[in-house]
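In: Kindly generate the corresponding structure for this input.
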Amino acid sequence: MRCWCRPAPALKSGAVCVAYETITGPGGGMGLLLGGVPGVPPAHVVILGAGVVGSNALPRAVGCGARVTIFDRNIDRLRHLDLIFGNRVETASSTAQALDERIPEADLVIGGMLIPGAAAPKLVTRQMVAGMKNGAVVVDVHYCVASMPGAVARTSTFALNNATIGHAVAIADKGWKRAAADDPHLRNGLNVVLGKVTHEAVARALGHDYTDANGMLA
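Out: Numbering: from 1, shown residues only. Have a look, this model is predicted:
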């Protein structure tokens, strides 16, 4: 249903494409609570890099009650964080072995590594990502995809279904035109309609002309 990677087939097919990430209104309540609740453990947040990105993400993750591990190659910087956060944070030297141990158990990985003047180091391999939990989230500041969730991870298919089933039923009952006309949030989810890109940000990012979906709902 997404058209970010290969929009041409969707445009040529005459399909109507609705993207989860551009539907508005669900309220974001389909993820794992970072701090957990009594009887349910908190999420494990792994932060790569203790620079500007990491040092800003760290207190927020700790403040949410998450279990946090932060990696960096600078031992002095890790020592400083130990003094500030104590046993609320696990600090770890950035080695391949340590990453192999922590990444698969993480619910949220935040990438904030930077070498000034050089390309950002690639610490998380495809094999590491493949070994992560279903629904775990990877947020890489250098990846620059604004739609990637950073607050909660989609850890449950049931939660996703609960958030979207109403839209699916509306489309099935009313047809896509009436359903989108009746629900502005669902209308925001329209990305491709009959060969036209109908989401402005998607059109801009992919270099296509934008067509307002409102004119296609009559």
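In: Check which element follows the least confident helix or strand in the chain by mean pLDDT along the chain.
Out: Lowest mean confidence among the helices and strands of the chain (mean pLDDT, DSSP states H and E): helix 7-13, at a mean of 74. Counting by DSSP states H and E, the next helix or strand C-terminal to helix 7-13 is strand 16-18.
In: Tell me which residues are up against stretch 44-63.
Out: Stretch 44-63 is touched from outside by 34, 66-72, 74, 77-78, 81, 85, 88-89, 91, 94, 99, 102-103, 105-114, 123-124, 141, with contacts defined as C-beta atoms under 8 Å, 6 or more residues apart in numbering. Every residue, glycine included, has its C-beta placed from N, CA and C.
In: Can you show me the helices along this structure?
Out: In the chain, the helices defined using DSSP state H lie at 7-13, 52-63, 75-85, 96-102, 126-130, 157-174, 176-182, 184-189, 200-206.
In: in this structure, which ranges drop under the pLDDT threshold?
Out: Counting by pLDDT under 70, the ranges of the chain that qualify are 1-8, 25-31, 115-120, 142-157.
In: how about 50 then?
Out: Residue ranges of the chain with pLDDT under 50: 1-5, 27-30, 117-118, 143-153.
In: and the helices of the chain as TSV, adding mean neighbour count and distance to residue 213?
Out: Listed next are the helices of the chain as TSV, based on neighbours: other C-beta atoms under 10 Å; distance: least, C-beta to C-beta, whole Å:
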stretch	mean neighbour count	distance to residue 213
helix 7-13	14	14
helix 52-63	18	36
helix 75-85	13	47
helix 96-102	13	43
helix 126-130	11	34
helix 157-174	14	14
helix 176-182	17	7
helix 184-189	18	6
helix 200-206	15	10
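In: Which one, of those helices, ends up nearest to residue 137?
Out: Of all these, helix 126-130 sits nearest to residue 137, with 11.0 Å by C-beta to C-beta.
In: Show me what the closest one is packed up against.
Out: Packed against helix 126-130, as judged by 3 or more C-beta pairs under 8 Å, 6 or more residues apart in numbering; DSSP states H and E, are no other helices or strands.
In: what's the closest non-adjacent residue to residue 211?
Out: Using C-beta to C-beta, 6 or more residues apart in numbering and skipping residues adjacent in sequence, the residue nearest residue 211 is residue 196, 3.9 Å away.
In: swap in residue 81?
Out: In space, residue 81 is closest to residue 91, 5.6 Å off (C-beta to C-beta, 6+ apart).
In: Now do the same contact list for that neighbour.
Out: 50, 69, 70, 71, 72, 78, 79, 81, 82.
In: ok, so of those, who is nearest residue 136?
Out: residue 69 (13.8 Å).
In: Please report how far the closest residue to the closest one other than its chain neighbours lies from residue 182.
Out: Take residue 69 and drop its neighbours on the chain: the residue closest to it by C-beta to C-beta, 6+ apart is residue 90, 4.4 Å away. When C-beta to C-beta, to the nearest Å is applied, the distance between residue 90 and residue 182 equals 49 Å.
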